[in-house]
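A.B. asks: Next input, structure requested:
(one chain, ligands or ions: 1)
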Amino acid sequence: MRPFLGILSLALVLGALAPGAGANPRDVTRGPGARRLPHGSRSVGLPFDGRLRRAVELRESRYVRRVTEYAPNGNFYGTWELVQLIERAAYRVERRLPGAKLSVGELSAEEGGRLPGHASHQNGRDVDIAFYMLDGRGDPYPPGAFAAFDANGRGLAPNEGLTFDDARNWELIAKLVADGDARVQYAFVARHLKQRLLREGRRRGAPASVLERAERVMVQPATGHQHANHFHVRIYCAPADRPTCRDQGPRHPWYPR
Ligand SMILES: [Zn+2]
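C.D. replies: You can find the predicted model right below:
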């Protein structure tokens, strides 16, 4: 047994013996392998009035990249559950349809709170994700900024040469809605792209349960940004973060109990 695991076991035992002593046995944020272990991140308050404690940073990897425009701001912090969900989804799309990374825009600031350009994104449960897109030759295109698409899947100016990648975007949504550990409340996306995605899901023979979840989760906001150039995904509070973390809006049948 490596020394680190010995210390971990001791910490777990002490945590179990001293409930309420302030030590959180899940809060394993240091030492080798720490990123692979459950994290003590905490989402506080509401997505549009909240904070984030002991945040986890979403890093670039073989499967994930940061959208160039947002990279310098460094707002890539989320709850452990959200960061893990993004990594699982990116991995799954790459395994099924190799050749493209998931391009992420902003999550939250390291300690949460107001983030310029967003009403929400305040407590580590929101992420903006660029659409998967293809260039003129049909190859995956890693965007430097979000690009908007019309109902035919064609890029709008100045991105007329790009195409909405139906297959990968559907695989992404299918994974997000079916994930058992982080439950998705919303995937904001424009109505005309939602219809494309559901059509693609049916074409690919997706299970009815996945199609039904996708139908409920994908929403074009009634006011404000139409979301024709990116997905905005929000997950519910993790049960361990409640009641300090608060959910507002629809509680789907998969709301975590
Ligand atoms: Zn957003």
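
A.B. asks: check contacts around the single nearest residue of the stretch 51-200 of the chain relative to the ion.
C.D. replies: In the stretch 51-200 of the chain, no residue comes nearer to the ion than residue 128, which is 4.2 Å away by CB to the ion. Where you see a C-beta, it was placed from the backbone N, CA and C, and this is true even at glycine. Residue 128 makes contact with 70, 104-107, 121, 146, 230-233, according to CB atoms under 8 Å, 6 or more residues apart in numbering.

A.B. asks: Please tell me how far the residue in the chain that the ion sits nearest to sits from residue 256.
C.D. replies: In the chain, the residue that lies nearest the ion is residue 232 (3.6 Å; CB to the ion). Distance, residue 232 to residue 256, by CB to CB, to the nearest Å: 20 Å.

A.B. asks: same check, this time on residue 68
C.D. replies: 34 Å.

A.B. asks: Which of those two has more residues huddled nearby?
C.D. replies: residue 256 (17 against 12; other CB atoms under 10 Å).

A.B. asks: A strand includes that one, no?
C.D. replies: No: assignment of residue 256 by DSSP: H, G, I helix; E, B strand; the rest coil gives coil, placing it outside any strand.

A.B. asks: any idea which helix or strand carries the residue most central in space within the chain?
C.D. replies: Residue closest to the average C-alpha location in the chain (CA atoms, centre = their mean): residue 86, at 4.5 Å. For residue 86, the host element (DSSP states H and E) is helix 80-96.

A.B. asks: Also residue 171?
C.D. replies: Residue 171 is located in helix 166-178, with elements delineated by DSSP H and E.

A.B. asks: And the pLDDT for the nearest residue to residue 146 once chain neighbours are set aside?
C.D. replies: Nearest in space to residue 146, with sequence neighbours left out and distances taken as CB to CB, 6 or more residues apart in numbering, is residue 229 at 4.0 Å. pLDDT, residue 229: 97.

A.B. asks: Let me see the contact set for residue 229.
C.D. replies: Applying CB under 8 Å, 6+ apart, we find residue 229 in contact with 130-131, 146-149.

A.B. asks: if you set the cut-off to 7 Å instead, what comes out?
C.D. replies: Under the criterion of CB atoms under 7 Å, 6 or more residues apart in numbering, the neighbours of residue 229 are 146-148.

A.B. asks: If any of those are buried, give me the ChimeraX selection for them.
C.D. replies: Per 16 or more other CB atoms under 10 Å, the buried members of the contacts of residue 229 correspond to this ChimeraX selection:
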select :146,147,148
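
A.B. asks: got CSV for the contacts of residue 229, with pLDDT, secondary structure and distance to residue 160 too?
C.D. replies: Conversion of the contacts of residue 229 to CSV gives the following (pLDDT from 0 to 100; DSSP: H, G, I helix; E, B strand; the rest coil; distance: CB to CB, whole Å):
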residue, pLDDT, secondary structure, distance to residue 160
146, 98, coil, 15
147, 98, coil, 10
148, 98, coil, 11
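
A.B. asks: Closest one of the contacts of residue 229 to residue 204?
C.D. replies: residue 147 (23.3 Å; CB to CB).
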